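Enquirer: could you look at this predicted model? Sequence included:
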Amino acid sequence: MDIKTYLKEKKELVDAFLKEYFSSLSSPKILGEAITYSLSAGGKRIRPILCIAAHEACNGNSEDIIKFASSIELIHTYSLIHDDLPAMDNDDLRRGKPTNHKVFGEGMAILAGDGLLTEAFYMMANSLSNKSIKNTALIRAIKEISFVSGIHGMVGGQAQDLLSEKSEPDAETLSFIHKHKTGALISGSLRAGAILANCTKHELGSITRYGENIGLAFQIVDDILDVEGDTDELGKTTGSDIRKNKMTYPAIYGLEESGRKAEELISEAIFAIKDFSNKAEPLRGIAGYFLKRRS
């Protein structure tokens, strides 16, 4: 299949939903502007698309979960706004545009992130569109995203990332940071999509292994691109990991070994879903896309 076409089509679905959803935001105007500024800044919508692809792989209909899947992008965008703040990574550029706090100020950027995170769970709780999705499955999926977004996942990983700046490189700590800060929401998005399709225990196990592998591979490639990538292509300033003494795969293993590790993880991810039908082809294509991406 043409994975670029698939990604484009699903991105357009998510973008269209988010545009309509936020077209009549009733909050103070400046808060709405800050929210939509980052939300519409050109993200690839990878996490919502993974949720949809896992749902389809388990024989679900993607149209049934557009609202739920799109809500995950709110969580991802909130995390980027907060990560860019001076008290965190202190970045000036995100997705090729000035970061949120550079345009709206730190206070409004924090509130925009808070608003996105809270609204995400409101959207999830109101995402049932037809009888094919059970209430019990929806509760499980919300629980999944809650777990991977908070102290047990993304927030915990970011905290360890902050604590580890200027520390001696350590493989165990690095693995914790990457699996929690980046990998958790990627894996959780996939698991939630599968759960909403009433997947079997075996299917969920396979999707989980797939997600854990591509989640770590995604961050390793991100580490490599921070060294070798182009600022214009990435949409963010390269070399920031080195300047901030961040704990990264290239810092510990070097670029060549990091690349090999990413390739191994992608192979393991594809093997994990070997028992799935051709409905899982998008997941296989996305795994390859992760390895070759330049942004």
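Expert: Nice, thanks for sending it over.
Enquirer: show me where pLDDT drops low in the stretch 101-250 of the chain?
Expert: Within the stretch 101-250 of the chain, the set of residues satisfying pLDDT under 70 comprises 129-131, 229-244.
Enquirer: in it, which spans are helices?
Expert: In the stretch 101-250 of the chain, the helices defined using DSSP state H, counting those that start in this stretch lie at 106-125, 135-149, 154-164, 171-178, 184-196, 201-228, 231-234, 240-243, 249-272.
Enquirer: mind checking the SS state of residue 88?
Expert: The three-state label given to residue 88 by DSSP: H, G, I helix; E, B strand; the rest coil is coil.
Enquirer: what's around the closest residue in space to it that isn't next to it in sequence, how many residues?
Expert: Here the nearest residue to residue 88 in space, its sequence neighbours aside, is residue 82; by C-beta to C-beta, 6 or more residues apart in numbering that works out to 6.2 Å. Backbone N, C-alpha and C define where each C-beta goes, glycine included. The burial metric for residue 82, expressed as a neighbour count using other C-beta atoms under 10 Å, is 22.
Enquirer: now do residue 168
Expert: 9.
Enquirer: tell me the contacts of the residue nearest to residue 116 when sequence neighbours are not counted?
Expert: If the residues on either side of it in the chain are set aside, residue 116 comes closest to residue 78, at 3.9 Å by C-beta to C-beta, 6+ apart. Contact criterion C-beta atoms under 8 Å, 6 or more residues apart in numbering gives 112, 113, 114, 116, 117, 120 as the residues in contact with residue 78.
Enquirer: what distance do you get for the last one to residue 280?
Expert: Spelled out, that is residue 120. Counting by C-beta to C-beta, to the nearest Å, the separation of residue 120 from residue 280 is 26 Å.
Enquirer: cool, the third one as well?
Expert: When distance is defined by C-beta to C-beta, residue 114 is 36 Å away from residue 280.
Enquirer: what do you get for residue 24?
Expert: Here residue 24 is placed at a distance of 37 Å from residue 280 (C-beta to C-beta).
Enquirer: who's more crowded, the two?
Expert: residue 280 (22 against 7).
Enquirer: list the contacts for the more buried one?
Expert: For residue 280, the contacting residues are 53, 56, 57, 273, taking C-beta under 8 Å, 6+ apart as the criterion.
Enquirer: and the second one, how far from residue 286?
Expert: Shown here: residue 56 relative to residue 286, a distance of 12 Å by C-beta to C-beta.
Enquirer: same question for the last one.
Expert: Note on residue 273: its distance to residue 286, by C-beta to C-beta, is 11 Å.
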